[in-house]
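# Show me the folded form of this:
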Amino acid sequence: MNSDTAPVRILNAGTQEEKGEVARLTFFAGAIGVGDLVKTTMGPKGMDKILQSMSRGEEVTVTNDGATILKSIFTDNPAAKILVDISKTQDAEVGDGTTSVTVLAAELLREAEKLVDSKIHPQTVIQGWRMASAAAYEALKASAVDNSADEAKWREDLFNIARTTLSSKVLGSIYKDQFAKLCVDAVLRLKGSTNLEMIHIIKKAGASIAESFLDDGFILEKKIGVGQPKRIENAKILLANTAMDNDKIKIFGSRVQVNSTAQLAEIEKAERDRMNEKCKKIVDHGINCFINRQLIYNLPEQFFADHGVMAIEHADFEGVERLALVTGGQIASTFDDPSKAVLGECKLIEEIMIGEDKVIRFTGCKRNEACTVVLRGPTKQILDEAERALHDALCVLSQAAANEHRTVLGGGCSEILMAKAVEELAKKTAGKQGIAIEAFARALRMIPTIIADNAGYDSSDLVQKLRAAHYEGKSTSGLDMTNGTIGDMAKLGITESFKVKSQVLLSAAEAAEMVLRVDEIVKVPPRARRHDPRYG
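Now for the predicted structure:
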């Protein structure tokens, strides 16, 4: 070939390529950086992060929830984006373990970086990891316990799962027992359903977190119309999404010209008559409560007051949807045929006070699974973080109660148990795959190491003692972060859902494998806008 021949360009101008070791270095750096960002939030004594928006409002969020942190940051590193995605998936699927899955994937890639530097091919590492992941899953599965047949033990398991989930949150330090009981009571009302729409969470600033409570009814943060009954028993409820202002001409740019004030008065009377007719059709449904998504103006409000109907306006779409769900009604927009309307029912509607605010409580709804968690707290940031903590606990408990009844032990016990099984497999595996399997075990052991580090204890000493305890046959041993010692997790009640742990293991392994497979990054610039001669 002639050496003077110009190189052939295959990719468009501006396209960037990173190949081989350079591409892997970019991936490893991004993934490890994301893991290091959130790993200090792990465990019962993990630290919080302040997320400050740079937009005009400069909103401030204080959290240690891995998914919330990762959703809030912007990154252009491809591997970092993959870890952010698995954190979001973990949050959507099981509600908890968002930090654990990110940290475990990052630690696996940290070990992979060392193996690749030692001239072990990525495919060899992946083969070893697949064997290690299967062995770890089987060990976790063997350690799982199902107490769902015994109601008392099952309730205790749910309580312990909730306590463990909340222990790393803002509610964990003092209030975890109170909120764990609250979460268990709320989830057991669902009777095996995973529809958390039935559990309504409202936040009211003021007072202490300890004054939060679970209400048996559904609470709507709205007010009852002027002059209307404030308490109704055996309510028949019509839910609607309709305009309740005067029916004006809604054609853009239209005008009505009149020659006298008498003609104007006739138009206004026609509007009032039309609205009164609409209100009469609504009342003819045999209801004593009307809830509308849109505003209710003075004329229809007075009409309902005269007929003894409670009217609630501007119940936002989410509120109307939830009410339709819990009262058994359907949202209507036309009222010509009362026989086609599906009315909601509840035993009592009343106006109550929470703090300084008036709210409306629906008690004895048709679907009695409905309940409301009222969160109190001194600041907006604490209330928001408490809501995120409750959401995580409710997600985990609803999945455990409905689908996956098995539980495993927390406090690093499950990770050391899996690491032990993986180490045993490594001893029996010849070749470089055995080295990759050992690396997988080291990554698993990093979870209890980070938990101990975040609590300010000597992680090397504690984790080595924990490994020794497991090799002595004490398979329920884990980290007691209250006393900084090795404790029996079964006696301490540090329990987690099997689904959360297994999802963390499998998702982290698969994400790390995906990153490790990559040997080239191609960054394609956006297509340049070209001038269209038709537009000058």
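
# which residue sits closest to residue 170 in space, ignoring its chain neighbours?
Excluding the flanking residues, the one nearest residue 170 by Cβ to Cβ, 6 or more residues apart in numbering is residue 385, at 4.6 Å. Backbone N, C-alpha and C define where each C-beta goes, glycine included.

# Around that neighbour, how many other residues sit close by?
For residue 385, the count of nearby residues is 22 (other Cβ atoms under 10 Å).

# Also residue 255?
Residues contacting residue 255 under the criterion other Cβ under 10 Å number 6.

# do residue 96 as well
Counted with other Cβ under 10 Å, the neighbours of residue 96 add up to 34.

# Cross-check the contact I'm expecting between it and residue 167.
No - between residue 96 and residue 167 there is no contact under Cβ atoms under 8 Å: 11.1 Å.

# Can you give me the pLDDT of residue 517?
pLDDT, residue 517: 84.

# Now tell me which helix or strand of the chain has the poorest mean pLDDT.
One helix or strand of the chain scores below all others by mean pLDDT, DSSP states H and E: strand 16-19, with a mean of 65.

# continuing past that strand, what's the next helix or strand?
Downstream of strand 16-19, the first helix or strand assigned by DSSP states H and E is helix 20-39.

# can you list the weak-confidence ranges in the chain?
Filtered on pLDDT under 70, the chain yields the residue ranges 1-20, 56-58, 172, 246-254, 317, 520-536.

# same thing but at 50, please
Flagging of the chain using pLDDT under 50 yields the residue ranges 1.

# returning to what we had before: how much space between the residue nearest to residue 170 and residue 92?
Separation of residue 385 from residue 92 (Cβ to Cβ, to the nearest Å) stands at 19 Å.

# just residue 280 next, same as before
Counting by Cβ to Cβ, the gap from residue 280 to residue 92 is 47 Å.

# got it, and residue 489?
Counting by Cβ to Cβ, the gap from residue 489 to residue 92 is 28 Å.

# any idea which helix or strand carries the residue nearest to residue 170?
Using DSSP H and E, residue 385 sits within helix 380-402.

# what's that helix packed up against?
strand 60-63, helix 151-166, helix 176-188, strand 199-205, strand 371-377, strand 495-497, helix 498-517 (3 or more Cβ pairs under 8 Å, 6 or more residues apart in numbering; DSSP states H and E).

# possible to save these as CSV with mean neighbour count and distance to residue 222?
Output for the helices and strands packed on helix 380-402, formatted as CSV (neighbours: other Cβ atoms under 10 Å; distance: least, Cβ to Cβ, whole Å):
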stretch, mean neighbour count, distance to residue 222
strand 60-63, 17, 27
helix 151-166, 21, 30
helix 176-188, 21, 22
strand 199-205, 19, 11
strand 371-377, 22, 14
strand 495-497, 27, 36
helix 498-517, 22, 37
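
# Take the ones you listed and write them to JSON lines, including distance to residue 239.
Converted to JSON lines, those look like this (distance: least, Cβ to Cβ, whole Å):
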{"stretch": "strand 60-63", "distance to residue 239": "34"}
{"stretch": "helix 151-166", "distance to residue 239": "33"}
{"stretch": "helix 176-188", "distance to residue 239": "24"}
{"stretch": "strand 199-205", "distance to residue 239": "16"}
{"stretch": "strand 371-377", "distance to residue 239": "18"}
{"stretch": "strand 495-497", "distance to residue 239": "36"}
{"stretch": "helix 498-517", "distance to residue 239": "36"}
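
# how about the ones you listed, which one is nearest residue 444?
For residue 444, the closest of the helices and strands packed on helix 380-402 is helix 498-517, at 8.4 Å, according to Cβ to Cβ.
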